[in-house]
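**Q** coords please:
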Amino acid sequence: ILIQIKKYQAAIDFNRRNYEKLLLNISEYPELKSLSHGAVSHYARSLFEAFIASLQKSDVGNDPPYHYLEEAERLMREDARESRDEEAERLMREDMLVSRDDIDIYVNSTILLCNILTFQRKFAEANQILNPCLQKAQRVLGPSHVATKNLLGIYARICQYV
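**A** Okay, the predicted model is just below:
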């Protein structure tokens, strides 16, 4: 168990350092802003995965690190807010084309944030975030795409509690 925890902690530390370095460098090199989503996502995902692993081992008597979920949620919400600002900026420039990468990032970010929120029992919030993403995925990717199916699976889990 201790080896597993150290492995997750090493991943968290690595991703946190990358995230912090990127934040420092963005002010000097604004073109790095486009890389921030990846750093944020990796850091938040490592926190979430460490929480899940500790949850599975919590029968040992230790409480799972709920602060990991709180930090992962904060990171993903901040990233989503910045993404919305960038999308609004693109729309103002009339650059209406949405790339496949943008949709994949949007879907993956939504899946991670909704999973974080459901583990915190914030089902209504997760549902509010999930619905627009699910509609867009169904429209752009189609109902049989794996990402759409993943979103539908989360939707089914959330609907049990909303």
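**Q** what element comes up after the worst-scoring helix or strand of the chain on mean pLDDT heading to the C-terminus?
**A** Here the helix or strand of the chain ranked lowest by mean pLDDT, DSSP states H and E is helix 66-92, holding a mean of 80. Heading C-terminal from helix 66-92, the first helix or strand you meet, by DSSP states H and E, is helix 100-119.
**Q** I'd like to know which elements the following helix or strand past that following helix is packed against.
**A** Note on helix 100-119: by DSSP H and E, the next helix or strand toward the C-terminus is helix 123-140. In terms of contacts (3 or more CB pairs under 8 Å, 6 or more residues apart in numbering; DSSP states H and E), helix 123-140 is packed against helix 100-119, helix 146-159. In this view, the C-beta of every residue, glycine as well, is placed from N, C-alpha and C.
**Q** ok now helix 123-140, how far from the chain's centre?
**A** Mean-position distance between helix 123-140 and its chain equals 14 Å (CA atoms, centre = their mean, to the nearest Å).
**Q** residues contacting it, please?
**A** 80, 98, 103, 106-107, 110, 113-114, 117-118, 145, 147-148, 151-152, 154-155, 158-159, 161-162 (CB atoms under 8 Å, 6 or more residues apart in numbering).
**Q** run the last query once more with 7 Å
**A** 103, 106-107, 110, 113-114, 117-118, 145, 147-148, 151-152, 154-155, 158, 161-162 (CB atoms under 7 Å, 6 or more residues apart in numbering).
**Q** same deal with stretch 38-53?
**A** With CB under 7 Å, 6+ apart, stretch 38-53 has contacts from 4, 8, 11-12, 15-16, 18-19, 22, 64-65, 68-69, 71-72, 75-76, 79, 109, 112, 115-116.
**Q** so how far is it off the chain centroid?
**A** With CA atoms, centre = their mean, you get 8 Å for stretch 38-53.
**Q** and stretch 46-62, by the same measure?
**A** Worked out by CA atoms, centre = their mean, stretch 46-62 lies 18 Å from the chain centre.
**Q** state the mean pLDDT of that stretch.
**A** Regarding stretch 46-62, the rounded mean pLDDT is 80.
**Q** give me the buried positions along it.
**A** 46-48, 50-54 (16 or more other CB atoms under 10 Å).
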